[in-house]
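> here are the coordinates; sequence isn't available:
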């Protein structure tokens, strides 16, 4: 239900032949060891694949009917038990380490749609577990959902899911596997995806691969590999997963150099501006990506998350602007927008003398699109206005509009005259009075593009007493 809040990692693991051999010998003493060692790349040893699997947080339904065996977080071993026990043990670990995020869960929910804190003061109805602080965790969920919660908790506490290694096995095999591991002192055996599978996916599935029964059977026939549940899980972790459940070999989307250049450029934008717009990064790189794999900004967002390996960033939608940006995990979207707005105003004033073409300003601030640039200026850079000169968008500082030095005095005098005549200083009345006083159509003469810019201009140039502000279209006196 909440899989979209968890993101599995992209990694290829290396097969431990000795460990795998020892495990298989325990299960079947008649097996030919030499045959096993001679064919490490084949995916046909289904008994081994069905014994020990690794959690894929994008496909937690694969954990149904299974028991966890081991867990490490950033290389540190976490006690396991049942899935419920593992969830509790992770909470205890984060509490013991003083994780700065875990404390919030005493007062707020972990999962979207929930209204109660994740760590409860009172024991709830239904299955629950008590932790060392005396609080309770509600655990009355199926296995797949418990694994979802584990992934969400770890990500909430700042852990990259690539660094969470949870091995599990079907419940029927759990005791045998655990006994074998304990007797031999071996680590969990892991699985290599045969390279010929990637070759076939590149050559014959250029439009992507879906993990349905027919497609898996055909892939197995073409590669000669028996693709069991564990190999499927590992394959899904290695391939790029588009939002419509179509999978691609990563280098079919973009070559290794392009992927590295993309990430390096994105990191440079973060260093320079503190954030960047995900759709603008897509615009800059879309001609270097395979259009059969990446067809729009949403696909690109998934791909960026897939190839990005930084733990300290997140993608957020900026409130009221409806643009997605990449920002540091602890960053504030509006704070970043306001920071860049200040830089934009300074650049327009200092570097361009108060007037700059929109495209030129966009080239200077290439972390955002032209559209987002306009929204940032309109919402946060009140001293800048956008006008059009000969059909070309131009940004100007208010003092670059060409108003004379005595405009503030003229504005104050005009307002005093309206007050004396008992005429409301509405937008229209004030504009008419100013135009008569100046002998020109005020808005037309100074190329004022909108009522919003007009109001900002009046507010900026009014320096007299009493103080005034715009309320419901009236430049009213402010009551003290």
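It's in. Quick caveat, the model's predicted, so the values are computed rather than measured.
> quick one: low-confidence parts of the stretch 1-150 of the chain?
1-51 (pLDDT under 70).
> Helices of that one, residue ranges please.
Using DSSP state H, counting those that start in this stretch, the helices of the stretch 1-150 of the chain run over 17-27, 33-38, 46-51, 83-96, 143-156.
> which residues does the residue nearest the centre of the chain contact?
The centroid of the chain falls nearest to residue 315 when counting by CA atoms, centre = their mean (2.7 Å). With contact set as CB atoms under 8 Å, 6 or more residues apart in numbering, residue 315 has these partners: 278, 301, 305, 324-327. C-betas here are computed from N, CA, C, even on glycine.
> So among those, where is pLDDT lowest?
The member of the contacts of residue 315 with the lowest pLDDT is residue 305, at 89.
> Distance-wise, check residue 424 relative to residue 415.
From residue 424 across to residue 415, the span is 11 Å (CB to CB, to the nearest Å).
> wait, I meant residue 79
74 Å.
> which one of those two has more residues nearby?
residue 415 (20 against 13; other CB atoms under 10 Å).
> ok, the nearest residue to that one once chain neighbours are set aside - contacts?
Leaving aside its chain neighbours, residue 415 sits nearest to residue 425 (5.7 Å; criterion: CB to CB, 6 or more residues apart in numbering). By CB under 8 Å, 6+ apart, the contact set of residue 425 is 415, 418-419, 468, 474-476.
> Reformat the residues you listed as TSV; add secondary structure and distance to residue 364.
Output for these, formatted as TSV (DSSP: H, G, I helix; E, B strand; the rest coil; distance: CB to CB, whole Å):
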residue	secondary structure	distance to residue 364
415	helix	38
418	helix	42
419	helix	44
468	strand	35
474	strand	38
475	strand	34
476	strand	38
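> May I see the PyMOL selection of the buried members of those?
The buried residues among the contacts of residue 425 can be selected in PyMOL (16 or more other CB atoms under 10 Å) with this line:
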select buried, resi 415+418+468+475+476
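> out of the contacts of residue 425, which one sits closest to residue 130?
Nearest to residue 130 among the contacts of residue 425 is residue 476, at 59.3 Å by CB to CB.
> who's in contact with the closest one?
425, 468-470.
> Check the gap between residue 478 and residue 462 for me.
Going from residue 478 to residue 462 by CB to CB gives 11 Å.
> again with residue 479
Distance of residue 479 to residue 462, given as CB to CB: 16 Å.
> okay, these two: which has more neighbours?
Neighbour comparison, residue 479 and residue 462: the larger count goes to residue 462, with 17 against 6 (by other CB under 10 Å).
> I'd like the distance between the more buried one and residue 314.
Using CB to CB, we find residue 462 at a distance of 42 Å from residue 314.
> Quick check on the contacts of residue 315: which are buried?
By neighbour count, with 16+ other CB under 10 Å, the contacts of residue 315 hold 278, 301, 305, 324-327 as buried.
> Just name the closest of these to residue 153, please.
Distance to residue 153 across the buried ones among the contacts of residue 315 (CB to CB) is lowest for residue 305, with 19.0 Å.
> Surely that closest one forms part of a helix?
Yes. Applying DSSP: H, G, I helix; E, B strand; the rest coil, one finds residue 305 inside a helix.
> Use 270 as the first number from now on
Will do, 270 is the new start, and the previous item becomes residue 574.
> Can you say which helix or strand has residue 483 in it?
Using DSSP states H and E, residue 483 sits within helix 482-492.
> Which strands or helices does the helix or strand following that helix pack on?
Using DSSP H and E, the helix or strand that directly follows helix 482-492 along the chain is helix 498-507. For helix 498-507, the elements it packs on are helix 315-320, strand 322-323, judged by 3 or more CB pairs under 8 Å, 6 or more residues apart in numbering; DSSP states H and E.
> Helix 498-507 versus helix 482-492: what angle between them?
Orientation check (axes from the mean of the first three to the mean of the last three CA atoms, to 10 degrees): helix 498-507 against helix 482-492 gives 90 degrees.
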